[in-house]
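In: following is a predicted model, sequence given first.
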Amino acid sequence: MKRAAFAIFIALLLALAGCGAGASLRQPSGPNDRSEEEIEMPDKLYLTINGHTMSVTLVQNSATEALVALLKEGDIAYEAHGYGGFEMVGALGHPLPRSDAQMTTESGDVVLYSGDQIVLFYGSNTWSYTKLGKVCGVSAEEWKKILTQTDPATVTLSLSAAQSDNFKGPQEEIS
């Protein structure tokens, strides 16, 4: 009886493992015949706040894909306010797909909150967010100074670094 159950179990596993074997991936037939999944997404965007432009290294998820699609139509500016002594938060003006997960943020983290709020962390917090990326090229101290310089502050998101003569490139990750 145990052997028969084990044999059925193994047969079931083999049958399930083969379910995806017949699926084929669509291959482009020419340079202009590409599906949305095959279009390359940039690995960073640029954030300008208080006259400083920094790069943000993006994570790959549906929220960043949607954000990049919006930025391909033009830069996005929004007003951000200090909150809790560890973050600046502002309404993006466009809802993005969420894949919230409980996390503890660090200085430099850029996350999506509630589907339409961008949060820029200069401190730490534990909550459920969708991670968008991490600011590069400035120390944690510099980042905090930039974010707390004015409240509210206008934040501009762009796919181009040409926003500011004060661009800081990705020399180092914020620690």
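Out: All right, it came through fine.

In: identify the residue spatially nearest to Asn50, adjacent ones excluded.
Out: Gln149 (4.6 Å; Cβ to Cβ, 6 or more residues apart in numbering). Heads up, the C-betas are built off the backbone N, CA and C, glycines and all.

In: doesn't Met88 make contact with that neighbour?
Out: No. If you go by Cβ atoms under 8 Å, Gln149 and Met88 don't touch, sitting 10.4 Å apart.

In: looking at those two, which one has more neighbours?
Out: Higher neighbour count among Gln149 and Met88: Met88, with 22 against 12, using other Cβ atoms under 10 Å.

In: any idea of the pLDDT on the residue nearest to Asn50?
Out: For Gln149, the pLDDT comes out at 95.

In: ok, Tyr113 - contacts?
Out: Contacts for Tyr113 (Cβ atoms under 8 Å, 6 or more residues apart in numbering) come out as Val89, Val119, Trp127, Tyr129, Thr130.

In: what's the separation between it and Glu87?
Out: Distance, Tyr113 to Glu87, using Cβ to Cβ, to the nearest Å: 9 Å.

In: how about Thr130?
Out: Taken as Cβ to Cβ, the span from Thr130 to Glu87 is 15 Å.

In: after the lowest-mean-pLDDT helix or strand in the chain, heading C-terminal, what element do we hit next?
Out: Every helix and strand of the chain was ranked by mean pLDDT, DSSP states H and E. The lowest is helix 2-17, at a mean of 37. For helix 2-17, the succeeding helix or strand toward the C-terminus, using DSSP states H and E, is strand 44-49.

In: packing partners of the next helix or strand after that next one?
Out: Going down the chain from strand 44-49, the next helix or strand is strand 52-58, by DSSP H and E. Where contact means 3 or more Cβ pairs under 8 Å, 6 or more residues apart in numbering; DSSP states H and E, strand 52-58 is packed against strand 44-49, strand 126-136, helix 140-148, strand 167-168.

In: try it again with 7 Å
Out: strand 44-49, strand 126-136, strand 167-168 (3 or more Cβ pairs under 7 Å, 6 or more residues apart in numbering; DSSP states H and E).

In: avg pLDDT for the first one?
Out: Confidence for strand 44-49, expressed as mean pLDDT, is 96.

In: partner residues bridging Ser158?
Out: Tyr46 (DSSP bridges).

In: show me the contacts for it.
Out: Leu45, Tyr46, Thr48, Leu71, Asp75 (Cβ atoms under 7 Å, 6 or more residues apart in numbering).
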